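*Asks:* Generate a structure from the sequence data that follows.
(chains A and B, ligands or ions: 3)
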Amino acid sequence: MGQQPILTVNNLNIDVSTPYGVTRTVRDVSFKIEAGKVFGLVGESGSGKTMTCMSLLNLLPDEAKVVKGSIQFRNKDILNYSEEDMRKVRGSEIATIMQNPMTAFNPVRTIGRHFIETLRTHLPITKHQAREMAVAYLEKMDLPYPKNLLKQYPFQLSGGMLQRVMIAITMSLNPSILIADEPTTALDATNQLQILKQLNWLRKEYDTGILLVSHDLGVIAQLADEVAVMYGGYIVEKAPVFKLFNRPMHPYTRVLLESRIGLTRRKTKIVKHISVPPPNLINRENTCPFLERCEDADHTCSSYNLELKEYEKDHLVRCLKSR
Amino acid sequence: MGWFIVKRLTSLIPILFGISLITFILLHLTPGDPAIAYLRASHIPPTDEAVAALRVELGLDKPLYAQYVEWLGKAVQLDLGMSYLSKKSVWDEIMLHFFPTVQLTFASCILIVVISLPIGMISAIFKGKLVDQLSRIIAFVSVSMPAFWFGFLLIYFLSVKLDLFPVLGRGTFAHLVLPSLTLSFAYIGTYTRLLRASMLENLNEPFVMYARARGLRGRLIVSRHVLKKSLLPVLTGLGMSFGNMLSGVVIVETVFAWPGMGQLFVTSILNRDYPMIQGCLLFMGVIFVVCNLLVDIAYSFLDPRIRWEGEK
Ligand SMILES: Nc1ncnc2c1ncn2[C@@H]1O[C@H](COP(=O)(O)OP(=O)(O)OP(=O)(O)O)[C@@H](O)[C@H]1O
Ligand code: SF4
Ligand SMILES: [Mg+2]
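*Replies:* Residues are numbered from 1 along each chain as shown, chains lettered A, B, ... in the order given. Ligands and ions are numbered 1, 2, ... in the order given. This next block holds a predicted model:
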């Protein structure tokens, strides 16, 4: 792993203003993505995964704002980029595939138009050349009858096919970073597997660094090299994938792994965890985000010590009592 | 595509049949004897003998269904009878008044599109900014100001004071300006807001996010992605308004003495000119249905989902 990272996120903090006050949505998030590696991000709903992803593209919603931190892409902080500079980066350098392929495409435009407009935005080519490129990349994704496909409308394709079209569009511009925010959640099992295979092939063939967000630890285990677990806006544990799965240290990570392995065996315990409401992110004090739901908590945890500590090489945990 | 049109066309047949039936029955349910109305319109005293003789002559003594069949049979050959008032063919009279209305309608629709689309678009893009506030005010005025009043204002300032346009009547292109401006004004507010709302809704769609994530230029996203999809509800509305205007706009036509369908219809009602009323009603109904058909076809061009549903 001695490579120079392509993307380095440092101490990222994002606030979201809501009618009820300012939410501290992302806190002190740091990670690196290297070429050809997959960085996995897991965590429950609302933990800030999507916000983190959107900030990498500088596409946060109006209410959300990066209040602290830096996002270094090829040694330049993209947070300082002008909108036009950032636009050129999107799609060509940092690309994304969306969670729900069925809504990501404009229903009144053909697949071909989507593909060609993307290529022609970033490359000085004619429509005809763009169409030929599109056909070539659709073929690479094993999509049948690519010429015909270009004339079709999104609603005529299945979710799995659309997801592969999205990957084909992404690949055609050969980005160095791909953000895949729950790329398989909306798909059935067969399609999921196929997409994962294609992502894996993509990073090997093109050396693309991938940020893979998922609820599904199975997906992460298959693909990721390094994993970060998010909870309440914080990364609570970060480690190479085998270390995290073999020796989870943070209580929340353990809950996650347990709920995956023994849904039936330990039902009662899980129900207990779920029955506690998720953390209230507004005006939260600097205590451990997992405090209310943690089984290992005691009085020392309410003191504010929230550092991500390295307990063994490359294995970082944000918990006072980690073993 | 062709299949879709054929399907829509065949569905028209029962609708048109229904329209003719309703038109016919409605008039026979209204109080008053057409024969008496005919005599009055012709300035003949309605004596019992005269009425009886006329009833036979007009076929009013036959049973209702026979009258309907006869009327419909002639109507499909564009023979709508003869006006009690002018004693001219109803069809010819309608044609005479329909053309000015078509003229007015087209001019107004062009104005509506040319004015409300840019305003709606700009106020969606600059939501909450000054332009948006201004457009909100314009829209408010447009929908709340009565057409006749706006028409009189235009006449007073632009014709009487500044002498830019003729006051009344029809003839040159300049005659068309004020009536179409008046007619379109009320619609402009509606369509500005409709387009704005539709665009704002679409701007929040995931496909816009994906378009931005692919690095597309903002201008391209608005023009190719958002605008096209946002036009769908506007188009539906415009089609209906178009049909409405074609069936005549009484107030604007009256204010500007524009010899259109609205005038013809109102005059025929006031004089109980039964064949003319029937003719007008039937004609307007058909126009309205045809307009809707055209909108549907245009819609299917803009929205491929509808086209394919038709093929299934
Ligand atoms: N547009 C928005 N306006 C206000 N708050 C938002 C908005 N989008 C997200 N949030 C809030 O930000 C927090 C983080 O959301 P985010 O979408 O990043 O979570 P996530 O980890 O991606 O969850 P999921 O697994 O459900 O996708 C949540 O508490 C959410 O309520
Ligand atoms: S710091 Fe305390 S409350 Fe937080 S996860 Fe660790 S043990 Fe649980
Ligand atoms: Mg998310």
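
*Asks:* show me where pLDDT drops low in chain A?
*Replies:* Applying pLDDT under 70 to chain A flags the ranges A:1-3, A:261-286, A:303-305, A:322-323.

*Asks:* which parts of it sit against ligand 2?
*Replies:* A:251, A:288, A:290, A:291, A:294, A:296, A:297, A:301, A:319, A:320, A:321 (Cβ under 6 Å from any ligand atom). For glycine as for every other residue, the C-beta is placed from the backbone atoms N, C-alpha and C.

*Asks:* for the stretch 101-250 of chain B, what are the low-confidence residue spans?
*Replies:* B:248.

*Asks:* For the residue of the stretch 151-300 of chain A found nearest chain B, which non-adjacent residue is spatially closest?
*Replies:* Of all residues in the stretch 151-300 of chain A, the one sitting closest to chain B is residue A:153 (4.5 Å; Cβ to the nearest Cβ). Spatial nearest neighbour of residue A:153, excluding adjacent residues (Cβ to Cβ, 6 or more residues apart in numbering or on different chains): residue B:304 at 4.5 Å.

*Asks:* State the pLDDT value of the one you found.
*Replies:* For residue B:304, the pLDDT comes out at 82.

*Asks:* Can you verify my assumption that it contacts residue A:111?
*Replies:* No. Under the criterion of Cβ atoms under 8 Å, residue B:304 makes no contact with residue A:111, lying 11.5 Å away.

*Asks:* Please identify which of the two sits among more neighbours.
*Replies:* For residue B:304 versus residue A:111, neighbours defined as other Cβ atoms under 10 Å in any protein chain shown are more numerous around residue A:111 (26 against 18).

*Asks:* Do you have the strands of chain B handy? List them.
*Replies:* Assigned by DSSP state E, chain B shows no strands.

*Asks:* for chain A, that is, sorry about that
*Replies:* A:7-18, A:21-33, A:38-43, A:64-73, A:76-77, A:94-97, A:177-181, A:209-213, A:226-231, A:234-240, A:309-312, A:315-317.

*Asks:* With respect to chain B, which of the ones you listed lies nearest?
*Replies:* strand A:94-97 (4.5 Å).

*Asks:* what's the distance between the residue lying closest to residue B:103 once chain neighbours are set aside and residue B:260?
*Replies:* Excluding the flanking residues, the one nearest residue B:103 by Cβ to Cβ, 6+ apart is residue B:176, at 6.6 Å. Relative to residue B:260, residue B:176 is positioned 12 Å away (Cβ to Cβ, to the nearest Å).

*Asks:* These two: who's more crowded?
*Replies:* More neighbours surround residue B:260 than the other of residue B:176 and residue B:260, with 28 against 21 (other Cβ under 10 Å).

*Asks:* burial measure for the closest residue to that one other than its chain neighbours, as a count.
*Replies:* Excluding the flanking residues, the one nearest residue B:260 by Cβ to Cβ, 6+ apart is residue B:101, at 3.8 Å. Other residues near residue B:101 come to 24 when the count uses other Cβ under 10 Å.

*Asks:* you'd agree residue B:101 is up against residue B:246?
*Replies:* Yes. Using Cβ under 8 Å, residue B:101 is in contact with residue B:246, at 6.1 Å.

*Asks:* Need the overlap of contacts for those two.
*Replies:* residue B:261 (Cβ atoms under 8 Å, 6 or more residues apart in numbering or on different chains).

*Asks:* ok so, going back, number of residues surrounding the residue of the stretch 151-300 of chain A closest to chain B?
*Replies:* 20.

*Asks:* go on, the one 5 residues further on?
*Replies:* Number of residues near residue A:158 (other Cβ under 10 Å) recorded here: 13.

*Asks:* Enumerate every residue touching it.
*Replies:* residue A:191.

*Asks:* same check, this time on residue B:19
*Replies:* Residue B:19 touches B:282, B:285, B:286, B:289, counting by Cβ under 8 Å, 6+ apart.

*Asks:* cool, residue A:107 as well?
*Replies:* Contacts of residue A:107 (Cβ under 8 Å, 6+ apart): A:153, A:154, A:155, B:207, B:229, B:303, B:304, B:305.

*Asks:* Of all the residues in the stretch 201-312 of chain B, which one is nearest chain A?
*Replies:* residue B:215 (3.5 Å).

*Asks:* That residue against residue A:117, yeah?
*Replies:* No. In this structure, residue B:215 is not within contact of residue A:117 by Cβ under 8 Å, at 10.1 Å.

*Asks:* Next, the distance between the ends of stretch A:179-188.
*Replies:* 21 Å (Cα to Cα, to the nearest Å).

*Asks:* Report the buried residues of it.
*Replies:* A:179, A:180, A:181, A:182, A:183, A:184, A:186, A:187 (16 or more other Cβ atoms under 10 Å in any protein chain shown).

*Asks:* One more: stretch A:144-151?
*Replies:* A:146, A:149, A:150.

*Asks:* give me the number of residues near the closest residue in space to the last one that isn't next to it in sequence?
*Replies:* In this structure, residue A:150 finds its nearest non-sequential neighbour in residue A:112, 3.2 Å apart by Cβ to Cβ, 6+ apart. Counted with other Cβ under 10 Å, the burial measure for residue A:112 works out to 22 neighbours.

*Asks:* From ligand 2, how far off is residue A:112?
*Replies:* 51 Å (Cβ to the nearest ligand atom, to the nearest Å).
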